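Colleague: sequence first, then the predicted structure:
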Number of protein chains: 2
Amino acid sequence: MTTGGSSPSKPLRADAERNRSAILAAAARLLAKNGLSVSLDDVAAEAGVGSATLYRRFSSRDELASDVLGQQMAEYVARTEAELARSQDDPWGALTSYTHFVVEHQIADRAFAEVLSSPGLGTAALREDLDRTYRDLQAIVQNALDAKVVRPDMHCSDLLMLFRAVNGLIAADAETATEAWPRLVATFLAAWRSDGPALPPVSAVWDRTEA
Amino acid sequence: MTTGGSSPSKPLRADAERNRSAILAAAARLLAKNGLSVSLDDVAAEAGVGSATLYRRFSSRDELASDVLGQQMAEYVARTEAELARSQDDPWGALTSYTHFVVEHQIADRAFAEVLSSPGLGTAALREDLDRTYRDLQAIVQNALDAKVVRPDMHCSDLLMLFRAVNGLIAADAETATEAWPRLVATFLAAWRSDGPALPPVSAVWDRTEA
DNA sequence: CGCGAAGTGGGGAAGATCGTCCGTTTGGGT
DNA sequence: ACCCAAACGGACGATCTTCCCCACTTCGCG
């Protein structure tokens, strides 16, 4: 917020710094509402600056997007690690609350939802953060498996499948998805907890996401 | 194929009829692969005709799309009613095979997937067919509920939720979705069959879809 | 208070799609 | 075999969207 740390490369003039913050805030708002495909002109308008100002500060759409998402990703990583720690004592509780957290995040922020489920989107630094959380996610699932609080053929990629499924709800109707998601999550959790017939094997599809 | 029935309004010249069929086939192919947003120029190119020919036969994108989807929808309606009939004797088998059928259809045809999950898309006639199948779907679920082969708080809108979820898989990566969907379907079926804690209530969101 | 750095916003370029015009070709009835 | 009407197709203008640059203005540090 008022920190304004940013990079110490060059001390920005007061109004320039103000505009930079306004652009970042506007971009965050529009990215959350409309996804990664926002028009840069729209961002500039939302921030109340000319489009030229935006292009001077951020050389490309990717740079802007990764600046915005980078901040949010830090929070995401932290929360994931917190749940992992909790997972030792309460594997089921950690699994459910982590799942809820991520899905709520997806619902609240379309750009996050898109980056989360589409490998190839986002900058390298972003993907690295995501990979890191994916390793934590694997551990959370492993703890649940070890504690036998989920069916033995559950797999960590099932979480990724849920995250993609949530995107389907959002795409169909972003408005109503905010009401509909809890039942979707509960359905997955019920399936993971149940001991019905074996699920089809995890396809090799998910390997690429893990790499 | 070689039937060429169409409307008896005006006997089309031989080459005109041939082109009309080529356009419909090309449109079906591209709609299946790329969804409803295909460019009409692309359809014309795929059919090997000029764009003017396409516009002469089909006054609008909607007319073309509904002609193509109308045929497929007939098959869809028929299959749904067949499963409903079967549902009397084998409620669980009908539910599972119906679910598999629809999801396979979604995977194979993106335009169908989009129309299925986005009320407001498609022509009135199309929506009517969909509404009809939705009534059948409700009956299939009701049979399963009555036979107690699914948990008592299952709801027919859960099928719609699954269909939207499948779209999430397709959107993330259409290629890999063809491998990944069976486990998604199995997860839902496992949840419906299980008797875990109650699911969150069905939100009012789905009422509109039912109307 | 003056000068240079930064900002402004309008506008042009590029890409995509839509839908129509018109010269040319082709079908098929006689 | 002939000939007209119907159909063809490629190209063109219009519209839309987004990206990015240029000439002019304004701010604020020293």
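Modeller: Noted; the coordinates are in hand. Numbers count the residues shown, from 1 in each chain, chains lettered A, B, ... in the order given.
Colleague: what parts of chain A come near DNA strand D?
Modeller: Within chain A, the positions adjacent to DNA strand D are A:13-15, A:39-42, A:50-52, A:55, A:60-61 by CB under 7 Å from any atom of the strand. (Each C-beta comes from the backbone N, C-alpha and C, glycine too.)
Colleague: and those residues, which two are the farthest apart?
Modeller: Greatest spacing in the residues of chain A next to DNA strand D, by CB to CB: A:Ala14 and A:Ser39 (28.1 Å).
Colleague: among the residues of chain A next to DNA strand D, name the buried ones.
Modeller: Among the residues of chain A next to DNA strand D, those classed as buried by 16 or more other CB atoms under 10 Å in any protein chain shown are A:Leu40.
Colleague: which one of the residues of chain A next to DNA strand D is nearest chain B?
Modeller: A:Ser39 (18.0 Å; CB to the nearest CB).
Colleague: measure that closest one to DNA strand C for me?
Modeller: 11 Å (CB to the nearest atom of the strand, to the nearest Å).
Colleague: can you check A:Trp92 too?
Modeller: Taking CB to the nearest atom of the strand as the criterion, A:Trp92 is separated from DNA strand C by 48 Å.
Colleague: in which helix or strand does that residue reside?
Modeller: Per DSSP states H and E: A:Trp92 is located in helix A:91-108.
Colleague: longest helix in chain A, please.
Modeller: Counting residues, the longest helix found in chain A (DSSP state H) is helix A:61-87.
Colleague: picking that back up, let me have the residues of chain A next to DNA strand D in JSON lines, extended by pLDDT.
Modeller: Output for these, formatted as JSON lines (pLDDT from 0 to 100):
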{"residue": "A:Arg13", "pLDDT": "69"}
{"residue": "A:Ala14", "pLDDT": "72"}
{"residue": "A:Asp15", "pLDDT": "78"}
{"residue": "A:Ser39", "pLDDT": "93"}
{"residue": "A:Leu40", "pLDDT": "92"}
{"residue": "A:Asp41", "pLDDT": "92"}
{"residue": "A:Asp42", "pLDDT": "92"}
{"residue": "A:Gly50", "pLDDT": "89"}
{"residue": "A:Ser51", "pLDDT": "90"}
{"residue": "A:Ala52", "pLDDT": "90"}
{"residue": "A:Tyr55", "pLDDT": "91"}
{"residue": "A:Ser60", "pLDDT": "85"}
{"residue": "A:Arg61", "pLDDT": "86"}
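Colleague: make TSV out of the residues of chain A next to DNA strand D and add secondary structure and distance to A:Ser157.
Modeller: Shown next, in TSV, are the residues of chain A next to DNA strand D (DSSP: H, G, I helix; E, B strand; the rest coil; distance: CB to CB, whole Å):
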residue	secondary structure	distance to A:Ser157
A:Arg13	coil	49
A:Ala14	helix	49
A:Asp15	helix	49
A:Ser39	coil	34
A:Leu40	helix	35
A:Asp41	helix	39
A:Asp42	helix	36
A:Gly50	coil	46
A:Ser51	helix	42
A:Ala52	helix	45
A:Tyr55	helix	40
A:Ser60	coil	32
A:Arg61	helix	30
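Colleague: could you tell me which residues of chain A lie near chain B?
Modeller: Chain A comes close to chain B at residues A:117-118, A:158, A:161, A:164-173, A:176, A:179-180, A:182-184, A:186-194, A:196-197, A:199-206, as judged by CB under 8 Å from any CB of the partner chain.
Colleague: rerun that using 7 Å as the cut-off
Modeller: Taking CB under 7 Å from any CB of the partner chain as the contact definition, chain A meets chain B at A:117-118, A:158, A:161, A:164-169, A:171-172, A:176, A:179-180, A:182-184, A:186-188, A:190-191, A:193-194, A:196, A:199-200, A:202-203, A:205.
Colleague: what lies in contact with the helix or strand that comes right after the helix holding A:Trp92?
Modeller: Per DSSP H and E, the first helix or strand lying C-terminal to helix A:91-108 is helix A:110-117. Helix A:110-117 is contacted by residues A:31-36, A:69, A:72, A:105-106, A:121-122, A:126, A:163-164, A:166-167, A:170, B:172 when judged by CB atoms under 7 Å, 6 or more residues apart in numbering or on different chains.
Colleague: over to A:Leu121: give its phi and psi.
Modeller: When quoted as degrees, to the nearest 10, the phi and psi of A:Leu121 stand at phi -90, psi 150.
Colleague: how far away is the residue lying closest to it once chain neighbours are set aside from DNA strand D?
Modeller: Spatial nearest neighbour of A:Leu121, excluding adjacent residues (CB to CB, 6 or more residues apart in numbering or on different chains): A:Val115 at 5.1 Å. To DNA strand D, A:Val115 is 17 Å away according to CB to the nearest atom of the strand.
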